[in-house]
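Undergrad: Mind looking at a prediction? Sequence and model below.
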Amino acid sequence: MAAVHIELSKEFGKCLERVFFPDFDSYLMAFDRKKMGVEGNERFALIWKPRKTIEDVPKTHIEAVGAEWKSLRLKFLNACINFEPNSHPYIGKIIDSDVQRQDAYDWEDSFLVPWDRKLGLGEARDLVRKVAYHHNIDPLPKVSKGKGEVDENGKIFSEYVDGNIHLANLTLMHTIHESAHMVIANGEYGDELYTSHGPVFVWKLISLYHHYANIPLDYMISTARDHELLGDFSYHKMSTPKSMVRSP
Ligand SMILES: [Zn+2]
């Protein structure tokens, strides 16, 4: 995480305000451009920046510029409360790119496999029902065993789609992973629009692996953190459903 901050301060200097949105793993930052040596009437700027570099997505996006900090600050605060990612093309690209998907898979495959085991279809259904019940998900999803879809790397994957879970492999890990998608898609912590394998998802995944596979929390958090899957650790106070602000 430290590396991320060094990079940010190098690129932008000291920003006036910064907020982190875990749903789409990005910052909204406000800058005084005069302090950064940029001349011009539009002294202040609001800029979006994803936490991770994403191929085919510009590194930053200027949201607004203005001569008055007061009016931009209102925009900044408004974004923290009312921001609609689905009507924002730049954030839409970030969400669609799902940049840490492969990293999340790799983390599960590298660190959690010792706890994995095969399940019967009945056991997988029971587990999904338990998770659904604990998260007030109604109607209950259908759970089926299928061939699975194949991604661009030839990996067979399970899916949560249209409220139902298709398992390519009847294993504890596949069942828990798809259950985490089910929980987030039903609105717990994440909005309906979020980065599929972003920080909000990985935190939920960790919680489910802990409860349903008995994997130690500290082990998962430290390994996921080492792989930069958890968002920005310096922002941990949830201020609105969408954003996290720096705690004092
Ligand atoms: Zn997934």
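TA: Arrived safely, thanks for sending.

Undergrad: Any idea which helix or strand in the protein has the lowest mean pLDDT?
TA: strand 237-238 (a mean of 43; mean pLDDT, DSSP states H and E).

Undergrad: hey, where'd the strands end up in the chain?
TA: Along the chain, the segments classed as strands by DSSP state E run 17-21, 26-32, 44-50, 61-66, 143-145, 149-150, 156-157, 159-161, 164-167, 237-238, 244-245.

Undergrad: Just give the closest residue to the residue nearest the centre of the chain, not the sequence neighbours.
TA: Per C-alpha atoms, centre = their mean, the C-alpha nearest to the average position across the chain is that of G198, at 2.4 Å. In this structure, G198 finds its nearest non-sequential neighbour in D25, 4.6 Å apart by C-beta to C-beta, 6 or more residues apart in numbering. Where you see a C-beta, it was placed from the backbone N, CA and C, and this is true even at glycine.

Undergrad: same thing with S26?
TA: Excluding the flanking residues, the one nearest S26 by C-beta to C-beta, 6+ apart is P50, at 4.6 Å.

Undergrad: what does N186 give?
TA: The shortest distance from N186 to any residue other than its chain neighbours is 5.0 Å, reached at I137 (C-beta to C-beta, 6+ apart).

Undergrad: Just read off the phi/psi values of the one you found.
TA: Backbone torsions of I137, given as degrees, to the nearest 10, read phi -90, psi 120.

Undergrad: That one touches M182, doesn't it?
TA: Yes: using C-beta atoms under 8 Å, I137 makes contact with M182 at a distance of 6.6 Å.

Undergrad: Residues that sit against both of the two, list them.
TA: Taking C-beta atoms under 8 Å, 6 or more residues apart in numbering as the contact criterion, the common neighbours of I137 and M182 are V131.

Undergrad: Between the two, which has more neighbouring residues?
TA: Counted by other C-beta atoms under 10 Å, I137 and M182 do not tie: M182 has more neighbours, with 24 against 20.

Undergrad: What separation is there between that one and P85?
TA: Distance, M182 to P85, using C-beta to C-beta, to the nearest Å: 20 Å.

Undergrad: Could you chop this protein up by domain?
TA: 2-96, 101-226 (automatic domain parsing).

Undergrad: wait, which of these is closest to D232?
TA: Closest to D232 of the domains of the chain is domain 2-96 (C-beta to C-beta; 4.8 Å).

Undergrad: Quick one: distance of that closest one to the chain centre.
TA: Centre-to-centre, domain 2-96 and its host chain are 17 Å apart (C-alpha atoms, centre = their mean, to the nearest Å).

Undergrad: residues near N41, how many?
TA: 7.

Undergrad: Please name the residues that touch it.
TA: Applying C-beta under 8 Å, 6+ apart to N41 gives the contacts A67.

Undergrad: change it to 10 Å
TA: Counting by C-beta atoms under 10 Å, 6 or more residues apart in numbering, N41 touches V65, G66, A67.

Undergrad: Can you say which of those are buried?
TA: Buried subset of those (neighbour count, 16 or more other C-beta atoms under 10 Å): V65, G66.

Undergrad: nearest to G146, of the contacts of N41?
TA: Using C-beta to C-beta, the contacts of N41 come closest to G146 at V65, 50.5 Å.
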